[in-house]
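[1] Here is my input; please provide its structure:
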Amino acid sequence: MTSRPSKNIWIRRQQCPCGDWKCYVTYEGDAEETSIASQLVKNDTSPSEAMISPYVGMVFKSDDDAFEYYGNFARKNGFSIRKERSRLSPQLGIYKRDFVCYRSGFAPVKKKPTGEHHRDRKSMRCGCDAKMYLSKEIVDGDSQWFVVQFSNVHNHELLEDDQVRLLPAYRKIHEADQERILLLSKAGFPIHRIVKVLELEKGIQGGQLPFLERDVRNFVQNRKKVVQENDALLTEKRESDTMELLEACKVAKYADENFVYDFTVDENDKVENIMWSYSDLVHAYNMFGDVVYFETSYRSITYGMLFGAWLGIDSNGRTIFFGCALLQDETSRSFSWALQTFVRFMRGNCPQTILTDLDPGLRDAIQTDLPATKHVISVWNILSKVYSWFFQPLGSRFAEFKSEFDTLCRLETTEEFELQWNQMISVFRFNADKHIALLYSFRSSWAPSYTRGYLLARMATTVYSKSVDGFLKGIFNAQTCLRSFFEQVSISANFQNQARPEMQYMYTKTCIPIEEHARSILTPFVFNEFQHELALSMQYATSEMANGSYIVRHFKKMDGERLVIWVPEDEQIHCSCKEFESSGLLCRHALRVFIVKNYFQLPEKYYLNRWRRESSLVFYEENGTQHSNDDWIPEFQCLMENLFAESSITRERSDYARSELTKQVTRILNEVGNMPEAEGVAMDVTLSPNG
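    Next up is the predicted model:
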């Protein structure tokens, strides 16, 4: 089997942070590339969901869609297909396609060479007449493909599920497995041992991989041959594409003097690291750069470079982009350059907190270059590695271990964590485990009992992680060169940072004046979180202490009491849960004390600027479309923002604004449409990251 190289040059880093070359990490959600077992389960659980059989007259948008559909139908019915004939015309291009069963036709008779040993290989073709023929027609200016002939009559036995997956058409080695195979091959593993290692790592029985041992052997041989033949060409391509990327940065700098980029070169004057950011992103960082996420989980297969993205969260809970880097390697030296360059791009402003993946080299660089910044590794980032590390060695006890580990992530004090950790080590006999040692050495960065009180701005959550994944998928489309990658980053950053959130009507749930006041200040995203805490605060009782502080307890739960310290001189409040220090929003316990003290409005200092409505308005006004010759557009945008803010306060306001706005906009649109079209240059309304 020959494995086609993927068009996508980017893949998640799989090398384990423990430093052992034999160890690697899989990621949740990458099931197609890392485990066939989940796919088998998926197929087995829905046998009733049979595909509709193709029929004469069935319509497809393209011949590729038709081939994919027929291929899926064939797999579910125990055979595979191939493309046989196509017909071409000057007017329509390819206008007919014939897809047939893999056993269609007969093998041509070959003359045996004389004087040589020749091995006869039995052909699989037996004249099967199963087929699907298509014809292209132009309908309302669009090309469509119609099934003009279909037959599902086979003259051979159809295969069962465990057999059909081994047909050549369905045997594929995905990118993640390719990387692992090459790594093991370079280490000297024989082919049969590589197959065994893959089976063990995936937790499946022998023979259940989606490819055969001979496929692995062919892949290794072909890849070695390609590398040997094309190594010089790949080096030349990388150098050429890197220079094109630098040229693109120079052009961007010429178009916008506030565009920033930098790079380093090695001893041979070859580019090592490149980093760039846009002028609008620096402004976004000034508003929302208190917490940043440095995402470094992807690297390029083609160029061997690591991609690092600097991300944040705005007042509407949306992921925003600050800049990115391409790094030569994953050493502390490269990470240190990236950190220093990013801070320089952001005019010397260091973040309060930086979230990263678990990486020793990155940790060392942060400690050296950002000594005043809190370093946090999200728990969901740790949990994504736990399965890879402990499922195989623990076997049936993994569920028990996972439960114990989840308990560790809920502890509040470091003393409790240390005690529970030592007990877990003893129960599961982890004394010499390298991954346990790695986790323990990083505990001050990921264990909530250690990071409690660090400002995270709700970025250390699964929801934010999924948002980041969505942003990255918008970048890592099928990019063939670094220049197109640079352009895709620009498009994605522009869309992400300028897409305005939809207006939401915010209902009140209580009759507490604090809620009404907060609704006029906070964005809908933050107000929903605040409102949730305020509603829950009514379930808590308070007991005032002699020093003026309070013990706050849930009316049912006897444990989990909180100490709320009240300083009346300057209206300061501090809760032992440290929710305000972490998210920038007061917790239910502190809110309960404010209610007890008959506060109708919270002190202004408990509404952080990053969560206020005006922060959102200013951000989108200054990052929106600007036209130097049409000053009415930003003025109109400002008016609309104010209208939405005022009308969302009550349902009556919202209904009135919607009704009147629809009437007036419709009237103006009709009048403008009837105005004569004057000759001249049309306005440029193109959005760009440069403003």
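[2] Check the secondary structure at residue 147 for me.
    Under DSSP: H, G, I helix; E, B strand; the rest coil, residue 147 falls in the strand class.
[3] where's it relative to residue 61, distance?
    With the distance defined as Cβ to Cβ, to the nearest Å, residue 147 ends up 13 Å from residue 61. Every residue, glycine included, has its C-beta placed from N, CA and C.
[4] Then residue 366?
    49 Å.
[5] quick one: which of those two has more around it?
    For residue 366 versus residue 61, the count of surrounding residues by other Cβ atoms under 10 Å is larger for residue 366: 22 against 11.
[6] Now for the more buried one: which residues touch it?
    335, 339, 354, 356, 373, 375 (Cβ atoms under 8 Å, 6 or more residues apart in numbering).
[7] what do you get for residue 319?
    By Cβ under 8 Å, 6+ apart, the contact list for residue 319 reads 311, 312, 313, 464, 467, 468, 470, 471, 496.
[8] now with 6 Å?
    311, 467, 468, 471 (Cβ atoms under 6 Å, 6 or more residues apart in numbering).
[9] just the contacts of residue 366 now: which is nearest residue 389?
    Distance to residue 389, by Cβ to Cβ, is smallest for residue 356 among the contacts of residue 366, at 18.6 Å.
[10] that older thread, now, the most widely separated pair of the contacts of residue 366?
    335 and 373 (13.5 Å).
[11] Could you list the domains of this structure?
    58-106+124-165, 171-255, 267-493, 513-619 (the TED database).
[12] Dump these to a markdown table, plus mean pLDDT and distance to residue 12.
    Shown next, in a markdown table, are these (pLDDT from 0 to 100; distance: least, Cβ to Cβ, whole Å):
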| stretch | mean pLDDT | distance to residue 12 |
| --- | --- | --- |
| domain 58-106+124-165 | 88 | 25 |
| domain 171-255 | 79 | 8 |
| domain 267-493 | 90 | 5 |
| domain 513-619 | 90 | 28 |
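[13] And the strands in the stretch 451-600 of the chain?
    540-544, 550-554, 562-567, 572-575 (DSSP state E, counting those that start in this stretch).
[14] Restrict the second one to CA atoms and write it as PDB.
    When you say that, I think you mean strand 550-554. Output of strand 550-554 as PDB, limited to C-alpha atoms (Å, rounded to 0.1, in the frame of the first residue of the first chain):
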ATOM      1  CA  TYR A 550     -18.500  36.200  58.300                       C
ATOM      2  CA  ILE A 551     -18.800  32.400  58.100                       C
ATOM      3  CA  VAL A 552     -21.000  31.500  55.100                       C
ATOM      4  CA  ARG A 553     -22.600  28.100  54.900                       C
ATOM      5  CA  HIS A 554     -25.000  26.400  52.500                       C
END
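[15] which helices and strands does that strand pack with?
    strand 540-544, strand 562-567, helix 588-596 (3 or more Cβ pairs under 6 Å, 6 or more residues apart in numbering; DSSP states H and E).
[16] try the shortest one
    Packing contacts for strand 572-575, counted by 3+ Cβ pairs under 6 Å, 6+ apart, involve strand 562-567, helix 588-596.
[17] who wins for proximity to residue 160 among the ones you listed?
    Using Cβ to Cβ, these put helix 588-596 closest to residue 160, at 57.3 Å.
[18] next helix or strand past the helix or strand in which residue 251 is found?
    Residue 251 is located in helix 213-255, with elements delineated by DSSP states H and E. Where DSSP H and E defines the elements, the next helix or strand beyond helix 213-255 is strand 260-265.
[19] How far does whatever helix or strand comes next after that next one sit from its chain's centre?
    Counting by DSSP H and E, the next helix or strand C-terminal to strand 260-265 is strand 271-277. Chain-centre distance of strand 271-277: 22 Å, with Cα atoms, centre = their mean, to the nearest Å.
[20] How about stretch 246-254?
    28 Å.
[21] Just the buried positions in it, please.
    Counting neighbours by 16 or more other Cβ atoms under 10 Å, one finds that the buried residues in stretch 246-254 are 246, 248, 249, 252.
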